[in-house]
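Engineer: got a predicted model here, sequence first, then my questions.
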Amino acid sequence: MAPAHQPPPLVVGDARLDRVVDIERFDLDLGWLFPDADAQALAGHRHWLEPRYMQGATLALSIHSIVLRVAGRVILIDTCVGEHKPRPRQPHWHARRNTDYLMNLNALGIVPGSVDMVFCTHLHADHVGWNTRSVNGRWVPTFPHARYLVGRTEFAHWDAMLRTEPAEMVNHNSYADSVLPVVEAGQVDLIDGEHEILDGLSVRPLPGHTPGQIGLSVRRQDQGCLIVGDAIHHPVQLVRPEWSSRVCADPDVARVTRRAFLDEAEDRGDWLVPMHFMDTTGLRIRRSGDGFVPLDAERSAR
């Protein structure tokens, strides 16, 4: 039986994408997440934004992975927060236990040993936590047969920071407990630039949120989608693509990156697959004024 709150899979040609939830919902204030936000700019869009994606000035987000099944391969994109990880500066992430993440994965017919590849869009703590799990007091790769793909620029950025900062200050200690153990196990492949990793699956640089964030473009049987990591955090950025988040390393670069892939997705009719949209595996968009809205904006109003 599919887990609760599971939206339908997204089918792109012969590829299937499913959402796997770690944290179903967390709330953030509009003005906190987007320092340039103006609530009035959203007035004409409240009918589809509320209550699914926001209520008043409160934004609803989720933390989830995407499972991509294509050509007999199982690819897990981003691994959320994880369990037992020390995150004292982020209480909702700190020392979590007895979560449903692996159960939600299993509900899709996937066990850790069946994952062929883990694709890390970037190395923030809420995207790498399930890379590892605690076994006899040691952090070991959760997915023992998988190759973990990490952008070389992204890796170099955080690796250099670890050399000058205490481990607990580098992504809430996640680099030390969720990245380095996989490196030491010999399961990490560092990847550069834009290139094809499988037939119809291409790495796309999406810098700005972090210096080396990457996405995954899927083109199968003349259909396409782009898995965008945190290049877009919330649907209000469809309406106002110029709003970069408070947690973006370079808001100006993030803004340019976001506008480019939104224009491309609309032009091509491709699906977008973000990592924090509530109750959404993927969506297509159409232009609306200077921004965009979901293609099914009227139907998405709840």
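Structural biologist: Yes, it's here.
Engineer: any chance you could map the helices in the stretch 201-302 of the chain?
Structural biologist: Along the stretch 201-302 of the chain, counting by DSSP state H, counting those that start in this stretch, helices occupy 236-239, 251-268, 297-300.
Engineer: next, the buried residues of the second one.
Structural biologist: Taking 16 or more other Cβ atoms under 10 Å as the neighbour-count basis, helix 251-268 is seen to contain the buried residues Pro251, Val253, Ala254, Arg255, Thr257, Arg258, Phe261, Leu262, Ala265, Glu266. For the C-beta atoms, the positions are set from N, CA and C on the backbone; glycine is no exception.
Engineer: now swap in stretch 201-221 and tell me
Structural biologist: Here stretch 201-221 shows 201-204, 206-220 as buried, counting by 16+ other Cβ under 10 Å.
Engineer: restricting to C-alpha, output that stretch in PDB.
Structural biologist: Presented in PDB, the C-alpha positions along stretch 201-221 are these (Å, rounded to 0.1, in the frame of the first residue of the first chain):
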ATOM      1  CA  LEU A 201      19.900  11.400 -18.200                       C
ATOM      2  CA  SER A 202      22.100  14.500 -18.200                       C
ATOM      3  CA  VAL A 203      23.700  16.400 -15.400                       C
ATOM      4  CA  ARG A 204      22.800  20.100 -15.400                       C
ATOM      5  CA  PRO A 205      24.700  22.800 -13.500                       C
ATOM      6  CA  LEU A 206      22.300  24.800 -11.300                       C
ATOM      7  CA  PRO A 207      24.500  27.100  -9.300                       C
ATOM      8  CA  GLY A 208      23.500  29.800  -6.900                       C
ATOM      9  CA  HIS A 209      21.800  28.100  -4.000                       C
ATOM     10  CA  THR A 210      25.200  26.500  -3.400                       C
ATOM     11  CA  PRO A 211      28.300  27.100  -5.500                       C
ATOM     12  CA  GLY A 212      28.100  23.700  -7.200                       C
ATOM     13  CA  GLN A 213      24.400  22.600  -7.100                       C
ATOM     14  CA  ILE A 214      23.500  20.300 -10.000                       C
ATOM     15  CA  GLY A 215      20.200  19.000 -11.400                       C
ATOM     16  CA  LEU A 216      19.200  16.000 -13.500                       C
ATOM     17  CA  SER A 217      17.600  16.300 -16.900                       C
ATOM     18  CA  VAL A 218      15.500  13.300 -17.900                       C
ATOM     19  CA  ARG A 219      14.600  13.000 -21.600                       C
ATOM     20  CA  ARG A 220      12.900   9.700 -22.600                       C
ATOM     21  CA  GLN A 221      10.800   9.000 -25.600                       C
END
